[in-house]
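[1] Got a predicted structure plus its sequence, pasted below:
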Amino acid sequence: MIGHFVQFLWPQSGCGALFVLLSGVLLDFSYAGQGNDDAFQEKSLSEWLKDLDTDDERRTAYAFEAVCSFGSAALPGLLEALESSKKRLQFWAARSLEELGPEAKNGLPALKAALLRGGDVRTVQAVAETLANLGAEGCSALQEALESKDKTIRKVAAVALLRFHPKRAKAAMSVLIEMLEEFEAQRQQDTVNLEELEGKAFFIAELSSIGADALPALMKALRYEHPWFSEAACLGLQKLGPRAKPAGGILRERLQSGDERFRLEAAIALTRIDPTDGAAFKSLVSHLEHRDPNIRQRARKGLGSLGAAAAPAVEALTRAMKHTEYSDFQSRIEIVAVFEAIGPAARSALEALGSDSADVLLRRIVKGALGKAGIDDLPELLLMLESSDHGAREWAAKAIGKIGPPALPLLKEALETEKPDESWVISALREVGPQSVPILLGIMNHKNPAIRQQAIIALGAVGKGVEEASKALKAARSDFDANCRASARNAVREIFMARE
């Protein structure tokens, strides 16, 4: 199980780990429902607010969508519902406020009061996340809540700061450490389940986003008995890099662990702290030909994270590339990525690979890694977007992104012909960057909601600071499809947070 946890978490920097948290409560905020502004006009806002408090889950989910579609106009009614004595209504009002994102900013005083008042943990968490989405003022309210006498309020505020404002979460460290110690005590009494264990493992790894101030907590977690926690601590220390030097002694002890996966994570952490650590580097390289494919993949990615410092592993990587039993197409792509990360020291190995390989697809990938792919190669790269191999499609999208704006006319043409698959063309547009915004705007009315949703997500990623993108995303919050609406609301929140 921990293998799945590690692979999921690494190396998704910038997006944050999945949070499953808070006193053993696993919150599922998914919802169903189809509709658009016209459909939601069948009832008044006050009627939809009443429907938030019903035993019929589908009816409640639809009402939630409807209330959110009213935007800032729903704020007064939602704040009033938040004061209700009905727990279910309170919760859904809080969730709706969270979905409003920056449009809930005028309700900040009432939200702060609701957080400090406490109550149902799900409602308190939704209120805290609403405040976290309101920028500096909301962050200040969360910091104030750290002083609450209510332990649940302190926990919720601390986790919201960690998740949304890690650079301001230093003040929350004592609360976060308290949470870890409590959970470890519960675990030793066998009073926790697998979901809680995995959630806390993600939680530990995410502590590194605070910076060096998280080092004491990560070093403490490194000594926990459960392997998920100690490996998660390794992941956090890897992200800290040289700042985690004080943990070197404990990590070197872990190089002798009987758990091979733990030894690998400790080796990666030590090489991120000091790439010249010979014993750790040797241990990391030795895993390139491990019998377990997940461990081999993790070793490749660990070396890739070292960049030029992984140059001494070029020979071992070349040998692994040629290994008949272990070298499948995906692993070869990943080794090419490591060579590319290493840079000039691996160039001769890349060139040899490009000339020796009988695999046309691999030769194209190597050409892109060498920086030799240009506009003339675009037709071939578009063909790669139709490959049956997911890794090849992903690589082609990145290679097209490196070509940049000159690739846009052919990408636009590819969208019009619907070949290759539009979702991968959108991935390529996202790799190109802000210059692709006009084309992405043109997909916002696509007949296929799945394509619209991907365009919304891509626009949210590359359209920060582009007024037309912000307007389109705000309009998409009223899309007919529920998934599109949710993605649009999330994108609007992220753009607002980026501006704060």
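    Everything's here; your move. Residues are numbered from 1 along each chain as shown.

[2] all helices of the stretch 151-300 of the chain, in order?
    151-164, 173-188, 194-206, 215-222, 227-240, 248-254, 260-273, 278-286, 293-304 (DSSP state H, counting those that start in this stretch).

[3] Return the most buried member of those helices.
    Highest mean neighbour count among the helices of the stretch 151-300 of the chain (mean count of other CB atoms under 10 Å): helix 227-240, with a mean of 26. For glycine as for every other residue, the C-beta is placed from the backbone atoms N, C-alpha and C.

[4] re the thing from before, residue 415 is nearest to which of the helices of the stretch 151-300 of the chain?
    In terms of CB to CB, the element of the helices of the stretch 151-300 of the chain nearest to residue 415 is helix 293-304, at 31.7 Å.

[5] which helices and strands sit right next to that closest one?
    helix 2-9, helix 260-273, helix 278-286, helix 314-322, helix 329-342 (3 or more CB pairs under 8 Å, 6 or more residues apart in numbering; DSSP states H and E).

[6] Now do the domain split for this structure, please.
    Residue ranges for each domain of the chain read 15-164, 433-500, as given by automatic domain parsing.

[7] Now tabulate those domains in a markdown table and tack on mean pLDDT.
    Below are the domains of the chain laid out as a markdown table (pLDDT from 0 to 100):
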| stretch | mean pLDDT |
| --- | --- |
| domain 15-164 | 84 |
| domain 433-500 | 88 |
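
[8] out of the helices and strands packed on helix 293-304, nearest to residue 496?
    Using CB to CB, those put helix 2-9 closest to residue 496, at 26.2 Å.

[9] mean confidence for that closest one?
    Regarding helix 2-9, the rounded mean pLDDT is 42.

[10] Make a markdown table out of the helices and strands packed on helix 293-304 and add distance to residue 445.
    What follows is these, written out as a markdown table (distance: least, CB to CB, whole Å):
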| stretch | distance to residue 445 |
| --- | --- |
| helix 2-9 | 34 |
| helix 260-273 | 45 |
| helix 278-286 | 49 |
| helix 314-322 | 45 |
| helix 329-342 | 35 |
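
[11] For residue 136, which of these is the nearest?
    helix 2-9 (28.5 Å).

[12] So which bits of stretch 313-331 are buried?
    Going by neighbour count (16 or more other CB atoms under 10 Å), the buried part of stretch 313-331 is 313, 314, 316, 317, 318, 320, 321, 327, 331.

[13] ok, of the helices and strands packed on helix 293-304, where does mean pLDDT dip lowest?
    helix 2-9 (a mean of 42).

[14] how far out from the middle of the chain is the one helix or strand residue 47 maps to?
    Element membership for residue 47 (DSSP states H and E) is helix 45-50. Taking CA atoms, centre = their mean, to the nearest Å, the mean C-alpha location of helix 45-50 is offset from the chain mean by 34 Å.

[15] Ok, stretch 191-202 next?
    Distance, centroid of stretch 191-202 to centroid of chain: 19 Å (CA atoms, centre = their mean).

[16] now swap in stretch 223-233 and tell me
    The answer for stretch 223-233 is 21 Å, by CA atoms, centre = their mean.

[17] what does that stretch rub up against?
    1-2, 5-6, 9, 184, 187-188, 197-198, 200-205, 218-219, 221-222, 250, 254, 259, 261-262, 265 (CB atoms under 8 Å, 6 or more residues apart in numbering).

[18] Pull the CA coordinates from that stretch and hand them back as PDB.
    C-alpha atoms of stretch 223-233 as PDB (Å, rounded to 0.1, in the frame of the first residue of the first chain):
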ATOM      1  CA  ARG A 223      11.400   7.500  14.200                       C
ATOM      2  CA  TYR A 224       7.800   6.400  14.300                       C
ATOM      3  CA  GLU A 225       7.300   2.600  14.100                       C
ATOM      4  CA  HIS A 226       4.800   2.500  11.300                       C
ATOM      5  CA  PRO A 227       6.600   2.400   7.900                       C
ATOM      6  CA  TRP A 228       4.000   4.700   6.300                       C
ATOM      7  CA  PHE A 229       4.900   7.500   8.700                       C
ATOM      8  CA  SER A 230       8.700   7.100   8.500                       C
ATOM      9  CA  GLU A 231       8.600   6.900   4.700                       C
ATOM     10  CA  ALA A 232       6.400  10.000   4.600                       C
ATOM     11  CA  ALA A 233       8.900  11.800   6.800                       C
END
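
[19] Use 22 as the first number from now on
    Got it, the first residue is 22 from now on, which makes the last one we talked about stretch 244-254.

[20] for the record, mean pLDDT for it?
    87.

[21] circling back to that earlier point, just send the domains of the chain back as a markdown table, with distance to residue 427 too.
    Conversion of the domains of the chain to a markdown table gives the following (distance: least, CB to CB, whole Å):
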| stretch | distance to residue 427 |
| --- | --- |
| domain 36-185 | 29 |
| domain 454-521 | 10 |
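
[22] of all those domains, which lies closest to residue 324?
    Nearest of those (CB to CB): domain 36-185, 22.2 Å.

[23] still on that earlier bit, could you export the helices of the stretch 172-321 of the chain as JSON lines, including distance to residue 438?
    Putting those into JSON lines (distance: least, CB to CB, whole Å) gives the following:
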{"stretch": "helix 172-185", "distance to residue 438": "41"}
{"stretch": "helix 194-209", "distance to residue 438": "52"}
{"stretch": "helix 215-227", "distance to residue 438": "42"}
{"stretch": "helix 236-243", "distance to residue 438": "51"}
{"stretch": "helix 248-261", "distance to residue 438": "42"}
{"stretch": "helix 269-275", "distance to residue 438": "53"}
{"stretch": "helix 281-294", "distance to residue 438": "44"}
{"stretch": "helix 299-307", "distance to residue 438": "45"}
{"stretch": "helix 314-325", "distance to residue 438": "35"}
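
[24] Isn't residue 398 up against residue 387?
    No: between residue 398 and residue 387 there is no contact under CB atoms under 8 Å: 12.0 Å.

[25] between those two, which one's more packed in?
    residue 387 (26 against 18; other CB atoms under 10 Å).

[26] Secondary structure element holding that one?
    Going by DSSP H and E, residue 387 is part of helix 381-390.

[27] Who are the packing partners of that helix?
    helix 350-363, helix 368-377, helix 399-405, helix 411-424.

[28] Now the element after the last one, going C-ward?
    This points to helix 411-424. Using DSSP H and E, the helix or strand that follows helix 411-424 towards the C-terminus is helix 429-438.

[29] what is the mean pLDDT for whichever helix or strand comes after that next one?
    Counting by DSSP H and E, the element after helix 429-438 in chain order, helix or strand, is helix 443-453. In this model, helix 443-453 carries a mean pLDDT of 92.

[30] can you give me the angle helix 443-453 makes with helix 411-424?
    40 degrees (axes from the mean of the first three to the mean of the last three CA atoms, to 10 degrees).

[31] Touching helix 443-453 from outside, list them.
    Contacts for helix 443-453 (CB under 8 Å, 6+ apart): 406, 414-415, 417-419, 421-426, 428-429, 432, 435-436, 457, 460-461, 464, 467, 469, 471-472, 475-476, 479, 482-483.
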